[in-house]
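S.K.: Sharing a model that was predicted from the sequence below.
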Amino acid sequence: MNTTTTTKFSLLRRVGAWCADRWETHQRAQLRGLSPQLTLAAADIPEPVRAAWARRGPEEFPGLPVHDGAWLRCSLGLAQFFEACRLQREHGPCALPSKAADSVWHAWLALDPDGLTHWQHRHFGRAVDHRDVGDLASPLEVCLARTWAGACASQAASPIGPRLPLVFALDALLRLPT
């Protein structure tokens, strides 16, 4: 390989990295713009929870990325789920469709359940208990439909629109193998 070819590949790598960085910056801005309330709630998650999530998440959910962009997506996804629960509380329980968002919930429950409850009350008016699918009071499909309706409302999107709410798209966005 000559010097010209090496320079071209190096330049292509740099341009590719620059484009990827710009795209990620754009994506983060779009995510933060989904809902100011969700953004504030996610930003209010204590740093020790993030550290616990970064350690625990990939063990519990193999393939879960723990970089800054993944944290933003996972924390916003969890906040969107709690907002969906708040918006649908009169209709019954919701179900969390994302393992990535659930990874934050699990880490927080293991680290500081009282802090999680306090955060939920402060941002969503009530605490949502973590339950297994078998412990839901309604069929899973009905609980997921409630989550869908609440998540669409939380980001001012049509429930029949072309885009998935974040909490439903999250695992695919992060390329979780499951």
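M.R.: Cool, the structure landed.

S.K.: Select the helix or strand of this structure having the lowest average pLDDT value.
M.R.: helix 3-32 (a mean of 53; mean pLDDT, DSSP states H and E).

S.K.: Would you mark the buried spots in the helix or strand just after that helix?
M.R.: Using DSSP states H and E, the helix or strand that follows helix 3-32 towards the C-terminus is helix 36-43. For helix 36-43, burial by neighbour count (16 or more other CB atoms under 10 Å) applies to Leu38, Thr39, Ala41, Ala42. To be clear about C-beta, it is placed using only N, CA and C from the backbone, and glycine gets the same treatment.

S.K.: Model confidence score at the third one, please.
M.R.: As predicted, Ala41 sits at a pLDDT of 95.

S.K.: So which of the buried residues of helix 36-43 is the closest to Trp119?
M.R.: Using CB to CB, Ala41 comes nearest to Trp119 of these, at 7.6 Å.

S.K.: So that closest one sits against Gly125, correct?
M.R.: No. Using CB atoms under 8 Å, Ala41 is not in contact with Gly125, being 11.5 Å away.

S.K.: Looking at the helix or strand where Trp71 lies now, give me its mean pLDDT.
M.R.: In the assignment (DSSP H and E), Trp71 maps to helix 68-87. Helix 68-87 shows a mean pLDDT of 96.
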